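In: Prediction below, plus the sequence it came from.
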Amino acid sequence: MPLSKLAARGNDAFARRGRRKEARPGELLDAALDLFVEKGFAATRSEEVAARAGVSKGTLFLYFPTKEDLFEAVVRENISGRFGEWNEEFDAFEGSTADMVRYCMRMWWERIGATRASGITKLIISEARNFPKLAEFYQQEVIRPGTALVRRILQRGIASGEFRGIDLDYAVYGIVAPMTFLLMMQHSLWACAPQDWPMDPDRYIASQVDHLLHGLCARPQTREGTA
């Protein structure tokens, strides 16, 4: 083979290796997310993550020295790293606060709940007592900014007169708790016996929003989304 062709082939191989090296962190995070959701944190081994990503364990440790570092990177990549974007989105929201609540819950389901990342919540709930540092990390990176965002939404409704005065410290869970239940069902009983749990996520969310905004008591509507 002519030297020029050998050189070209070598350059192509080098380029492929370069592209592969650049892609490795993302591939490792994808593989880790899959395994953490499938097996849990304790049962997932670093060599399994490396093997699924198609790299050596040494390469994994080059990017993520510990399994805890890997888990934290997975959470930041899939959930907590998006709070800045979400806050900006709600800053620009021009509809009513009732519409914002509907949008918040629906978009949360589409962007997190209906994705592989939804399994992270079940992992934390299941393994928090055994890994308190991970639980503390999740509290700081996900729970606190998440409840702060929900609090902002509810505060907006109070300030505009759409919502009555409420205890915001606990009212936030009126939005958070139904979504957590949906996640837990999706990754536990619902996943094991789907025929026995004919729950449609969209209908479930619509029902929860209706109950949240209107309550269960029959009363005349005084304005959109309030009673």
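Out: Thanks, I have it.
In: how does the protein divide up, domain by domain?
Out: 3-74, 79-214 (automatic domain parsing).
In: With mean neighbour count and mean pLDDT as added columns, please give those in TSV.
Out: For the C-beta atoms, the positions are set from N, CA and C on the backbone; glycine is no exception. Converted to TSV, the domains of the chain look like this (neighbours: other Cβ atoms under 10 Å; pLDDT from 0 to 100):
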stretch	mean neighbour count	mean pLDDT
domain 3-74	15	79
domain 79-214	15	91
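In: where do the helices sit along the chain?
Out: 3-39, 46-53, 57-63, 67-78, 83-91, 97-108, 119-127, 132-138, 144-160, 168-171, 173-186, 189-192, 201-214 (DSSP state H).
In: Now tell me what touches the fifth one from outside.
Out: Contacts to helix 83-91, defined as Cβ atoms under 8 Å, 6 or more residues apart in numbering, come from residues 100, 104, 145, 146, 149, 152, 153.
In: Recalculate using a threshold of 10 Å.
Out: Outside helix 83-91, the residues that touch it by Cβ atoms under 10 Å, 6 or more residues apart in numbering are 82, 100, 103-104, 107-108, 111, 141-142, 144-146, 148-149, 152-153, 156.
In: again with the third one
Out: Helix 57-63 is contacted from outside by 21, 24-25, 27-29, 31-32, 45-51, 53, 55-56, 67, 69-70, 73, using Cβ under 10 Å, 6+ apart.
In: Go again with 8 Å.
Out: Contacts for helix 57-63 (Cβ under 8 Å, 6+ apart): 24, 25, 28, 46, 47, 49, 50, 53, 70.
In: Identify the farthest-apart pair in these.
Out: Spanning the widest gap among these are 25 and 47, at 17.4 Å by Cβ to Cβ.
In: unless I'm mixing things up, residue 185 is touching residue 199, no?
Out: Yes - applying Cβ atoms under 8 Å, one finds residue 185 in contact with residue 199, separated by 6.9 Å.
In: What's the end-to-end length of stretch 47-60?
Out: From its first residue to its last, stretch 47-60 covers 8 Å (Cα to Cα, to the nearest Å).
In: And the closest residue to residue 128 other than its chain neighbours, how far from residue 36?
Out: Closest residue to residue 128 apart from its sequence neighbours, by Cβ to Cβ, 6 or more residues apart in numbering: residue 135 at 3.8 Å. Counting by Cβ to Cβ, to the nearest Å, the separation of residue 135 from residue 36 is 14 Å.
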